[in-house]
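Chemist: below is the structure, and that's it, no one-letter string:
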């Protein structure tokens, strides 16, 4: 176990997504786990929960950076819950702790995380999300993750 | 003096704007002061400084919510500097402490403040800024401030 | 009005103090106002409210740095409420934004503010509060404020 | 692997401790690992590094909640670094994310973490640290950890 060296992929998206986006988030989570990367997210429901479920069901490690005071607020698929008590200001920390971000669907919270991702110089891949310069669009989980891995393993 | 009752207008925008946007920001600051409202901003340079200058030169009160540890980081037109030590996460606090937001130009930091404004249910008027649902566009400082005051004094 | 140059005296203390400490806090607030300094506090009840009342009833300016999301949470004597949404982590900001701190009574929240005051290199005067190296003890509001002013006007 | 269920022991203490306290911190870290608990700390040097070293050399999991923006700031024994960008205000998060705290030596930063531990209702065991009501004193690493485990496994 050398967790410190592993790539951290942040997945951002809203708490109330359409079902098709939850499926995509699940696949993203699965692929993060299969590659041995760590999934970072906001720890709550919707896209965050679907992706964490996909990762955990494929033996991945999941970190959830929570707005509230209690680690118990995390969805059941979060292995490492981090409470912050910062409310929405924790969105900044989700972007900060990811090597790259995948945005799926999402509302204004996701928009703030995309903005922080850009501020912190992170690459962002988007599926059905905000159309912001700096976000590379993908149509499927597979396409998104191909773009993610290309950043870290460019020669393959 | 009953500062507590005064309207707080937040002005958001980048540290390195085009000159024409600094002029607009100055006018916005002037009009905030002339109406007896309080200007809230991020306290640093560019749009924040131009607007604070406009407000101060017309006898207005200016609050700057700063990313760093020292109130002395504020531009010279900030009367009430508030240090946070939160870095970019302080963007959330700028939106939180404004009754309404005026976005002028702006980069990703401004985008995060627009997103937080929407999260916190604030009206946002934009001049040459991000085109985000929820942001009402205006072309001039006058037009922007007309939209602002209409929110608070609807019958005039 | 050149608020930026004014001395900021932070007053820290608990929400549920004994009556005698509320009286002392009121006197501290009064003396801050009479000297033309700005009172900074956590914006809520108990010591914070008593001191802000003392300052406001003597025409002083009061800043309240709040744990919650709404400026309306501030006690009625706060003129400049600053919402943070940081919960107890806002205690750090109260110390950061004060030039000097006066601690009156207080529980663990006050202890955290004393610790932050020491971290940020602020002088701290204490009345009936935690006995921590770095806190100068005073018995009365008058004695405490004499120690405060001596820091800023040493020759008088 | 069911990390979510594991006990999290926070270890707090300064960056510049006396050597004997670093030895104690190392032993505390070792014992946390041997019991299968997770070590939580501020992720930097001194007590934090010694304890994390003790845990890692005995196959434990270490979480470091950092003041800066970069996970790379963490000492080499931190497996899960969490960047916050909050500066000293992150001390609140170290206490929040621990089920129980062990304070070893320590200066004002440690005092703030003890205060937050008390605010958040955490038990605190102290070795050569601040004498604060609510902190149970221990003389050795073994004695401290006996007190820790008694909280979670009272019948043994």
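Modeler: Okay, I see it. Keep in mind the model is a prediction, meaning the values are calculated, not measured.

Chemist: hmm, the longest helix anywhere in chain A in reach of chain D?
Modeler: Identified as the longest helix of chain A according to DSSP state H is helix A:19-34. No - no part of helix A:19-34 sits close enough to chain D to count as contact by C-beta under 8 Å from any C-beta of the partner chain; the gap is at least 12.2 Å. No exception for glycine: its C-beta is placed from N, CA and C like everyone else's.

Chemist: I would like the residues contacting that helix, please.
Modeler: Identification of contacts with helix A:19-34 by C-beta atoms under 8 Å, 6 or more residues apart in numbering or on different chains yields A:9, A:11, A:13, A:17, A:38-39, A:46-48, A:50-62, A:102, A:104-105, A:127-128, A:140-142, A:144-145.

Chemist: state the paired neighbours of the helix or strand following that helix in the sheet, together with their directions.
Modeler: Going down the chain from helix A:19-34, the next helix or strand is strand A:38-41, by DSSP states H and E. Applying DSSP bridges to the sheet, strand A:38-41 is found paired with strand A:8-12 (parallel), strand A:61-66 (parallel).

Chemist: and strand A:38-41, average pLDDT?
Modeler: Taken as a whole, strand A:38-41 has a mean pLDDT of 98.

Chemist: pull the distance from it to the chain's centre.
Modeler: Relative to its parent chain, strand A:38-41 has a centroid offset of 6 Å by C-alpha atoms, centre = their mean, to the nearest Å.

Chemist: ok so, going back, the strands paired with strand A:38-41 into a markdown table, with extra columns for mean pLDDT and mean neighbour count?
Modeler: Below are the strands paired with strand A:38-41 laid out as a markdown table (pLDDT from 0 to 100; neighbours: other C-beta atoms under 10 Å in any protein chain shown):
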| stretch | mean pLDDT | mean neighbour count |
| --- | --- | --- |
| strand A:8-12 | 98 | 27 |
| strand A:61-66 | 98 | 27 |
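
Chemist: columns distance to residue C:98 on top of the ones you listed, output as TSV?
Modeler: Shown next, in TSV, are the strands paired with strand A:38-41 (distance: least, C-beta to C-beta, whole Å):
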stretch	distance to residue C:98
strand A:8-12	36
strand A:61-66	30
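
Chemist: please identify the buried residues of the longest helix of chain A?
Modeler: A:21-22, A:24-33 (16 or more other C-beta atoms under 10 Å in any protein chain shown).

Chemist: just to revisit the earlier point, just the buried members of the contacts of helix A:19-34?
Modeler: Buried by 16+ other C-beta under 10 Å: A:9, A:11, A:13, A:17, A:38-39, A:46-48, A:50-56, A:60-62, A:102, A:104-105, A:127-128, A:141, A:144-145, out of the contacts of helix A:19-34.

Chemist: among those residues, which lie within strands?
Modeler: Among the buried ones among the contacts of helix A:19-34, the members found in strands (DSSP state E) are A:9, A:11, A:38-39, A:61-62, A:102, A:104, A:127.

Chemist: quick check: the farthest pair among the residues you listed?
Modeler: Spatial extent of these (C-beta to C-beta) is set by the pair A:61 and A:127 at 22.3 Å.

Chemist: so which bits of chain A are right by chain B?
Modeler: Counting by C-beta under 8 Å from any C-beta, the positions of chain A adjacent to chain B are A:86-89, A:91-93, A:108-109, A:111-112, A:114-116, A:118-120, A:132, A:134.

Chemist: keep only these that also lie close to chain D.
Modeler: Checking the residues of chain A next to chain B against chain D (C-beta under 8 Å from any C-beta), the matches are A:92-93, A:120.

Chemist: ok, and the closest non-adjacent residue to the residue minimising distance to the centre of chain A?
Modeler: By C-alpha atoms, centre = their mean, the mean C-alpha position of chain A lies nearest to residue A:11, the distance being 1.1 Å. In space, residue A:11 comes closest to residue A:51 once its chain neighbours are excluded; the distance is 4.3 Å by C-beta to C-beta, 6 or more residues apart in numbering or on different chains.

Chemist: and the pLDDT at the one you found?
Modeler: On the pLDDT scale, residue A:51 gets 98.

Chemist: list the contacts of it.
Modeler: By C-beta under 8 Å, 6+ apart, the contact list for residue A:51 reads A:11, A:13, A:25-26, A:28-29, A:32, A:39, A:41, A:104.

Chemist: now with 7 Å, please.
Modeler: By C-beta atoms under 7 Å, 6 or more residues apart in numbering or on different chains, the contact set of residue A:51 is A:11, A:25-26, A:28-29, A:39, A:41.

Chemist: can you check residue A:84 too?
Modeler: Neighbours of residue A:84 in contact, by C-beta under 7 Å, 6+ apart: A:65-67, A:90, A:93, D:93.

Chemist: and it, backbone torsions?
Modeler: phi -120, psi -30 (degrees, to the nearest 10).

Chemist: coming back round to it: chain B: which of the buried residues of helix A:19-34 is nearest?
Modeler: Minimum distance to chain B across the buried residues of helix A:19-34 is 18.1 Å, recorded for residue A:21 (C-beta to the nearest C-beta).

Chemist: measure the closest one to residue A:46 for me?
Modeler: 8 Å (C-beta to C-beta, to the nearest Å).

Chemist: what sits in contact with each of the two?
Modeler: residue A:13.

Chemist: for stretch A:120-134, give me every contacting residue.
Modeler: Contacts with stretch A:120-134, where a contact means C-beta under 7 Å, 6+ apart, come from A:21, A:24, A:95-96, A:98, A:100-106, A:110-111, A:114, A:117-118, A:135-138, A:144, A:147-148, A:151.
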